[in-house]
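Novice: Quick one: sequence plus predicted model below, questions after.
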Amino acid sequence: MSSTNLSRADVTVVGVATIIILMAIVISAVVHGPTEKPFSQVITVGPVWTTTSWICTSSSEFVVHGALIAYGDSPSILTIAITERGSQPDFLLTPLKMESFSVGGPAGGDIIIARSGTITGYLTLQTTSDAEASCIPRGG
């Protein structure tokens, strides 16, 4: 069996190299860490449709998710308009069938969700924790 004798200089070189590598890892993690904030703020409203439409907005980019169900014999239609993207195609909801959607909006923009017919369900807005956000009834 052979033995390896390390001199004091060898131990110093290994120690300094280890410290440099650890510092490089820490600096790299700080510099290349996440630059975007997670969607950590969640606002849920519902059951919705005590009004004909809702307006959702945020000072940061955001996403609105909807889980809705239509009732009654007449057709129920959902209309969505997004700032900078215009009106989206209308959605015809099938009575007594749960339907869902997800749409995104730009920072400072609005998403307006309007209905005709009888619709109930929940809207959920997701955005960054430091954003000013709301999802409120619009109209009567």
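Specialist: Ah, there it is.

Novice: what are the ranges of the strands in the chain?
Specialist: 41-45, 53-58, 62-71, 76-82, 86-87, 91-93, 99-105, 110-116, 118-127, 133-138 (DSSP state E).

Novice: Any idea which of those strands has the lowest pLDDT on average?
Specialist: For these, the weakest mean pLDDT is recorded on strand 41-45, namely a mean of 77.

Novice: Would you mind listing the buried residues in that strand?
Specialist: 41, 43, 45 (16 or more other Cβ atoms under 10 Å). (C-beta placed from N, C-alpha, C; glycine too.)

Novice: any idea which of the residues you listed is closest to residue 78?
Specialist: Residue 78 has its nearest neighbour among the buried residues of strand 41-45 in residue 45, at 15.3 Å by Cβ to Cβ.

Novice: Any idea what that closest one is bridged to?
Specialist: Applying DSSP bridges to residue 45 gives these bridge partners: residue 123.

Novice: give the contact list for it.
Specialist: 54, 122, 123, 124, 135, 136 (Cβ atoms under 8 Å, 6 or more residues apart in numbering).

Novice: Please report the distance of it from residue 63.
Specialist: Remark: distance between residue 45 and residue 63 (Cβ to Cβ, to the nearest Å) = 14 Å.

Novice: before we move on, what about residue 80?
Specialist: 13 Å.

Novice: contacting residues around the spatially closest residue to residue 42 that is not a sequence neighbour?
Specialist: Of all residues not flanking residue 42 in the chain, residue 126 sits nearest, at 5.4 Å (Cβ to Cβ, 6 or more residues apart in numbering). Neighbouring residues of residue 126 by Cβ under 8 Å, 6+ apart: 39, 41, 42, 62, 63, 64, 65.

Novice: Just the buried subset of those residues, please.
Specialist: 39, 41, 62, 63, 64.

Novice: and residue 105, what does it touch?
Specialist: Residues near residue 105 by Cβ under 8 Å, 6+ apart: 56, 57, 58, 61, 62, 63, 64, 82, 83, 111.

Novice: what do you get for residue 69?
Specialist: By Cβ under 8 Å, 6+ apart, the neighbours of residue 69 are 93, 96, 97, 98, 99, 119, 120, 121.
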